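> Give me the fold of what follows.
(2 chains)
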Amino acid sequence: GIQVEQSPPDLILQEGANSTLRCNFSDSVNNLQWFHQNPWGQLINLFYIPSGTKQNGRLSATTVATERYSLLYISSSQTTDSGVYFCAPLGSNFGNEKLTFGTGTRLTIIP
Amino acid sequence: GAGVSQSPRYKVAKRGQDVALRCDPISGHVSLFWYQQALGQGPEFLTYFQNEAQLDKSGLPSDRFFAERPEGSVSTLKIQRTQQEDSAVYLCASSTYNEQFFGPGTRLTVL
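Reported below is the predicted structural model:
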């Protein structure tokens, strides 16, 4: 199956700082999702981005499928951005519908 | 509209007891997934339904785990003779066109 690596594993930033989270995956993909898991454990959908660039407010994401990586950018961080960020690609094999999650990046925003 | 709901939110079981975890997907979503999340890890795939058909159960860790979705809507994950290593958060997700949406999870603690 697909191998997923996320970096950095932990990130501590001052409120207002910008950050870039990286996701590398080992195989071609049909889909890739980014999630934010908040301190209560809820997985919140951020982006559905098999390729290209998308933006949503202070967040944006870029997936370069041919080079097998995706980036999540967070600008002007707020304390509510704290939590764990997961990327999860979906393989391109027919019938393979499951998401494979990385181990996540734990982001802590200090006021 | 309503998102994915799961019940109970918390379950404490004594080792050897059977448990049943319920998932109500988003109305109209054809695909339903179960994932298991251990502490400090990303979610891991357990099983996948398309309508009432269980198309992939490759992630179920043992034959003590059983899932069903008899009418193609609500799903139940059953764990028989629970063991301490079954302690985890069990997440349900549903999708219609690849993008998966997750419920809040059921935290299972086996004593």
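
> show me where pLDDT drops low in the chain?
Because you didn't say which chain, this covers chain A. Within chain A, the segments meeting pLDDT under 70 span A:92-96.

> Chain B was what I was after
Residue ranges of chain B with pLDDT under 70: B:1.

> Find the centremost residue of it, please.
Of all residues in chain B, the one closest to the mean position by Cα atoms, centre = their mean is B:W34, 3.8 Å from it.

> name the element that one belongs to?
Here B:W34 sits within strand B:31-37, counting by DSSP states H and E.

> OK, contacts around the closest residue to A:A88 other than its chain neighbours?
Closest residue in space to A:A88, ignoring its immediate chain neighbours: A:L99 at 3.9 Å, by Cβ to Cβ, 6 or more residues apart in numbering or on different chains. Heads up, the C-betas are built off the backbone N, CA and C, glycines and all. For A:L99, the contacting residues are A:Q33, A:A88, A:P89, A:L90, B:F33, B:Y35, B:P43, B:F45, B:A93, B:Q100, by Cβ atoms under 8 Å, 6 or more residues apart in numbering or on different chains.

> all strands for the chain, in order.
Went with chain A since none was named. Here chain A has its strands, by DSSP state E, at A:4-7, A:10-14, A:19-25, A:29-37, A:43-48, A:52-56, A:59-64, A:69-74, A:83-91, A:105-110.

> let's do chain B instead
B:5-7, B:10-13, B:19-24, B:31-37, B:44-50, B:53-56, B:65-68, B:75-79, B:88-95, B:100-102, B:106-110.

> dump the residue contacts of the residue of chain A found nearest chain B.
At 3.2 Å from chain B, A:F101 is the closest residue in chain A, using Cβ to the nearest Cβ. Remark: with contacts taken as Cβ under 8 Å, 6+ apart, A:F101 is in contact with A:V4, A:F86, A:C87, A:A88, B:Y35, B:G42, B:P43, B:E44.

> Try it again at 7 Å.
A:F101 sits next to A:V4, A:F86, A:A88, B:G42, B:P43 when contact means Cβ atoms under 7 Å, 6 or more residues apart in numbering or on different chains.

> Touching stretch A:78-91 from outside, list them.
By Cβ under 7 Å, 6+ apart, stretch A:78-91 touches A:1-2, A:4, A:6, A:15, A:21, A:23, A:25, A:27, A:29-39, A:70, A:72, A:74, A:97, A:99-102, A:104-109, A:111, B:42, B:98.

> my bad, should have said stretch A:65-75
Under Cβ under 7 Å, 6+ apart, the answer for stretch A:65-75 is A:18-26, A:28-29, A:32, A:34, A:49-51, A:58-63, A:81, A:85, A:87.
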